[in-house]
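Enquirer: with the input below, show me the fold.
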Amino acid sequence: MLVKLVSGFVLGCVVGTVLCSQPTPADTSRPNRVTVSVSNKLVIDRLASSLFRCPDRFWPGWKPASLGILLVDVPKENAVIVRGVTSSLDNEKRVTVAPVSYDSLPSHLKQKRVGHAVIPWVFNERMLAVHYASSNEAEIDRVIGLVLHEAFHLSGQSWRVDFGFARGLHFPDNARFRYLRRRIIDDLREAVRSEDFGGIAFWLNEIREKHGLDQKRLLQLDAVEGTAEYVLAIGSSIASQGCDENERVILEGAFARMDAKWRDQSAYSVTAFPDVEAYVIGAYSGLLLRRAGYPGWEKAVEKGQPMLHLLVQQVAAKARAEDPELDARIQQEVELRNDFIEPKLDALRASLRSSQHTVVSVPRARLGSLVPLYGYVTYEAESADDVLIALGARVQAYLDDFFGSLELRGKDVLLSNHTPCGSYRQAVFTVAKGSTTEIGGGVKIVDANVFAEIGTTIKRADGKVPWLCVPP
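Expert: Numbers count the residues shown, from 1 in each chain. This is a model prediction of the structure:
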């Protein structure tokens, strides 16, 4: 494995995917311009000796060599771009490393949130940006996992239907469906030890027979997040053990990571935040398929076959006893959640039609990570497509130095591909009509949950409802 350090560069222009920049003079007072922090070096070394050396062990056919990753060690204010390349001379994998001046990063990449991945447009190319703070082996391992999960979304899932799948729960949520998914997760974990898939087949049969539409809504989510979480598990193990380690050891490490990550959390989070189901079901299904040596399962998944269905397609169902205590708890949680969500959806839908509100649309790619405090929810609208809402969204984003800044504090946000602003991925929210003030060619917004200074907006209208569109 070779690591090629391209040092002494500041942020410059881009020609293709090559930094076009000028050398900086030696400056010991600003070491982050020409050096790589200890934590960044550890992450780079792990990626160079795993993902960029043996990507087929992560997922057959994945070609991450052209993937650009911006690593930001937040406490050290140290930034570096790493990219895998293949030598044309000896075909040996290596990594090109380009330290970047933290001061010269665009404003929206100087965020202080740690353990966080975004996929912005950086330097005229789509690049994975990861901000983190790590001081020990366990934390470095988590950073590696985060990078691998998001990198697979970015460059390993060309087969996915982009943004064409539901997240979270579908309102009103169904308690029995949540219960069945939870029982499948419990039996998947047990199957790691027992290799008995009969209970999984039993619960899945009921889903197929009685909850077909609920299941259909989540097939893409299970595939997209499930495969990425599987790559996190298997890839983190490979990054720790090395590409040459045998399959048994790699799988043991992957199962251990999933067990440590989800066992303590999922008893609560799987039902409180249904998105989690897709991560856990997908990761365990993929690892069990791999351990069983199921031929070509990855290609089957790419063509639309659910991993869970592949796992049990030739398995006889074995009846399992009900768990009345778990069932009662999930019923109570779902009832409370439905009661909480209904008025929020009603209020958002009313504001989108109200002339007393202004609707603001921001390109989704400019926001980086949108964190919904109360999760995602879909509901059936007048059109044939379900509508996706992020409940209680929090984000602090610099749209960039030209467009300005935006902060949402617990704001309910509609995520849409088609609005009066155009056809592209958008985050849409409303503000009280009197909360906007024109400044130059832009707008200042001061609302209960929204604070923004946007340098450029385009005005649109939907009937009597005004829209402000941030250009893509």
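Enquirer: which stretches of the stretch 101-250 of the chain have low pLDDT?
Expert: Scanning the stretch 101-250 of the chain with the threshold set as pLDDT under 70 gives 108, 117-124, 161-166.
Enquirer: just the helices in it please.
Expert: Under the criterion DSSP state H, counting those that start in this stretch, helices of the stretch 101-250 of the chain are mapped to 137-151, 175-194, 198-210, 212-241, 247-272.
Enquirer: most tightly packed of those?
Expert: helix 212-241 (a mean of 23; mean count of other CB atoms under 10 Å). For glycine as for every other residue, the C-beta is placed from the backbone atoms N, C-alpha and C.
Enquirer: okay, angle between that one and helix 175-194 too, please.
Expert: In terms of direction (axes from the mean of the first three to the mean of the last three CA atoms, to 10 degrees), helix 212-241 departs from helix 175-194 by 30 degrees.
Enquirer: got the angle between the helix or strand containing L42 and helix 212-241?
Expert: Here L42 sits within helix 38-48, counting by DSSP states H and E. Put simply, helix 38-48 runs at 110 degrees to helix 212-241, going by the same axes, to 10 degrees.
Enquirer: who touches helix 38-48?
Expert: Helix 38-48 has contacts (CB atoms under 8 Å, 6 or more residues apart in numbering) with 1, 3, 36, 69, 71, 73, 76, 78, 80, 82, 84, 93-95, 97, 132, 134-135, 140, 143-144, 147, 239-240.
Enquirer: how about a cut-off of 7 Å?
Expert: Contact partners of helix 38-48, identified using CB atoms under 7 Å, 6 or more residues apart in numbering, comprise 1, 3, 71, 73, 78, 80, 82, 95, 97, 134, 140, 143-144, 147, 239.
Enquirer: coming back round to it: distance to R53 added to the helices of the stretch 101-250 of the chain, as TSV?
Expert: Below are the helices of the stretch 101-250 of the chain laid out as TSV (distance: least, CB to CB, whole Å):
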stretch	distance to R53
helix 137-151	14
helix 175-194	28
helix 198-210	34
helix 212-241	9
helix 247-272	14
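Enquirer: looking at these, which is closest to S355?
Expert: Nearest of the helices of the stretch 101-250 of the chain to S355, taken as CB to CB: helix 212-241 at 33.3 Å.
Enquirer: for that closest one, packing partners?
Expert: helix 55-58, helix 137-151, helix 247-272, helix 275-292 (3 or more CB pairs under 7 Å, 6 or more residues apart in numbering; DSSP states H and E).
Enquirer: nearest to K112, of those helices?
Expert: Between the helices and strands packed on helix 212-241, helix 137-151 lies closest to K112; by CB to CB that is 16.0 Å.
Enquirer: who's in contact with that closest one?
Expert: Counting by CB under 7 Å, 6+ apart, 39, 42-43, 46-47, 51, 64, 67, 69, 115, 117, 119, 128, 130, 132, 134, 228-229, 231-232, 235-236, 239-240 sit against helix 137-151.
Enquirer: kindly recompute the last result at 8 Å.
Expert: Here helix 137-151 makes contact (CB under 8 Å, 6+ apart) with 39, 42-43, 46-47, 51, 58, 64, 67, 69, 71, 115, 117, 119, 128, 130, 132-134, 228-229, 231-233, 235-236, 239-240, 257.
Enquirer: got the contact list for the closest residue to R183 other than its chain neighbours?
Expert: Spatial nearest neighbour of R183, excluding adjacent residues (CB to CB, 6 or more residues apart in numbering): W203 at 4.8 Å. Counting by CB under 8 Å, 6+ apart, W203 touches L180, R183, I184, D187, R320.
Enquirer: mind checking how far the residue nearest to the last one when sequence neighbours are not counted is from V371?
Expert: Right, R320. Of all residues not flanking R320 in the chain, G199 sits nearest, at 4.6 Å (CB to CB, 6+ apart). Going from G199 to V371 by CB to CB, to the nearest Å gives 34 Å.
Enquirer: surely L388 meets D412?
Expert: No - L388 sits out of contact with D412 when judged by CB atoms under 8 Å, with a separation of 11.6 Å.
Enquirer: looking at these two, which is more packed in?
Expert: Each of L388 and D412 has its neighbours counted (other CB atoms under 10 Å); D412 has more, 23 against 19.
Enquirer: in terms of secondary structure, what does the helix or strand hosting that one contact?
Expert: Taking DSSP H and E as the definition, D412 sits inside strand 404-419. Contact analysis of strand 404-419 by 3 or more CB pairs under 8 Å, 6 or more residues apart in numbering; DSSP states H and E lists helix 324-352, strand 386-400, strand 422-432, strand 450-454 as its packing neighbours.
Enquirer: give me the pLDDT for H418.
Expert: You'll see H418 listed with a pLDDT of 89.
Enquirer: S237 is in contact with I250, isn't it?
Expert: Yes - using CB under 8 Å, S237 is in contact with I250, at 4.9 Å.
Enquirer: give me the distance between the closest residue in space to C469 that isn't next to it in sequence and E322.
Expert: Spatial nearest neighbour of C469, excluding adjacent residues (CB to CB, 6+ apart): C421 at 3.6 Å. Remark: distance between C421 and E322 (CB to CB) = 49 Å.
Enquirer: do R189 as well
Expert: 18 Å.
Enquirer: now do K459
Expert: On the measure of CB to CB, K459 and E322 end up 57 Å apart.
Enquirer: can you check G442 too?
Expert: Taking CB to CB, one finds G442 at 59 Å from E322.
Enquirer: try A98
Expert: Separation of A98 from E322 (CB to CB): 57 Å.
Enquirer: the more surrounded of those two?
Expert: Neighbours per residue, other CB under 10 Å: of A98 and E322, the larger number sits with A98, 22 against 9.
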